[in-house]
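Asks: dropping the sequence and predicted coords here.
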Amino acid sequence: MYPSKCCNSNFMLLFQKIIVRTYKKKRTKPEVIEEDMTAAIRAVMELNMSIRRAAAAYGIVHTALYYRLKKNNCGERQRDYASKYTAKQVFTKQQEELLEVYILKCSKISYGLTYTDIRKLAYSYAILVINALIQKIGAIQKWLVSIGSNRLCDGMKSYNSKMAGFDWVKSFMRRHEKLTLRKPENTSLARATTFNNQYY
């Protein structure tokens, strides 16, 4: 007896989700040292050195140097060449560190947060950050709120979910290895009183 088409489709959806979240790169590209790249760009632009010669002198792939020079010629001289994985992050590094400190403090006072709690907390925090940005700039349009919310609610089809996507919280946990989310357990009255006296 063969499995039904519905079972096969559900299995494929689950398999695709697992593959996406646990994907490991099959090959690694050499990391570009920004100091060497800057020196190579100066050698080409100021010393009229060829791209291949400058790339070989500073240990850089010549195609990477070519594309970087092409972007510089387009007026992107002040561009920040940070990791491409930070381009789609919702929060800045400092904002994520504040979230980490808050979550750790909650765990210390026996108020552990679950994945769902973290997702709701992140969504509320993102709305506060965006609203603060709107008040600071003033000229920004309201549609930026929906853009920021949709980016945070990755994997969510409904804006009414009011929580961050599951993919976001998994990536957040990978970036902050100090965090370990466990199901909260009951706290005795004596221990709770000690926490109240210590923190309040």
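Replies: Structure received.

Asks: break the chain into its domains for me.
Replies: Using automatic domain parsing, the domain parsing of the chain gives 34-81, 93-184.

Asks: pretty sure L113 is touching L121, no?
Replies: Yes: counting by C-beta atoms under 8 Å, L113 does reach L121; the two are 7.0 Å apart. Placement of C-beta: from N, CA and C, glycine included.

Asks: list residues touching both of these two?
Replies: Counting by C-beta atoms under 8 Å, 6 or more residues apart in numbering, the contacts common to L113 and L121 are I103.

Asks: pull the longest helix from this structure.
Replies: Longest helix in the chain, counting residues (DSSP state H): helix 115-137.

Asks: that one: which residues count as buried?
Replies: Under the neighbour-count criterion of 16 or more other C-beta atoms under 10 Å, helix 115-137 has D117, I118, R119, K120, L121, A122, Y123, Y125, A126, V129, I130 buried.

Asks: chain neighbours aside, what residue packs nearest to the third one?
Replies: With sequence-adjacent residues excluded and distances taken as C-beta to C-beta, 6 or more residues apart in numbering, R119 is closest to M163, at 3.9 Å.

Asks: spell out the secondary structure type for that neighbour.
Replies: coil (DSSP: H, G, I helix; E, B strand; the rest coil).

Asks: and it, what pLDDT?
Replies: pLDDT for M163: 85.

Asks: what is the neighbour count of it?
Replies: The number of residues packed near M163 is 20, by other C-beta atoms under 10 Å.

Asks: go on, L69?
Replies: With other C-beta under 10 Å as criterion, L69 counts 17.

Asks: shouldn't it be in contact with V44?
Replies: Yes: counting by C-beta under 8 Å, L69 does reach V44; the two are 6.2 Å apart.

Asks: what touches both of the two?
Replies: I51.

Asks: I'd like the distance between Y67 and M37.
Replies: As judged by C-beta to C-beta, to the nearest Å, Y67 and M37 stand 11 Å apart.

Asks: what's the answer for S50, then?
Replies: According to C-beta to C-beta, S50 and M37 sit 16 Å apart.

Asks: quick one, which of the two is more surrounded?
Replies: M37 (19 against 11).

Asks: what residues are up against the more buried one?
Replies: The neighbourhood of M37, defined by C-beta under 8 Å, 6+ apart, consists of Y58, I60, A64, L65, R68, Y81.

Asks: of these, which belong to helices?
Replies: Y58, A64, L65, R68.

Asks: export those residues as a markdown table, with columns for distance to E31 and neighbour count.
Replies: Compiled in a markdown table, the ones in helices among the contacts of M37 are given as follows (distance: C-beta to C-beta, whole Å; neighbours: other C-beta atoms under 10 Å):
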| residue | distance to E31 | neighbour count |
| --- | --- | --- |
| Y58 | 13 | 18 |
| A64 | 11 | 15 |
| L65 | 14 | 23 |
| R68 | 14 | 21 |
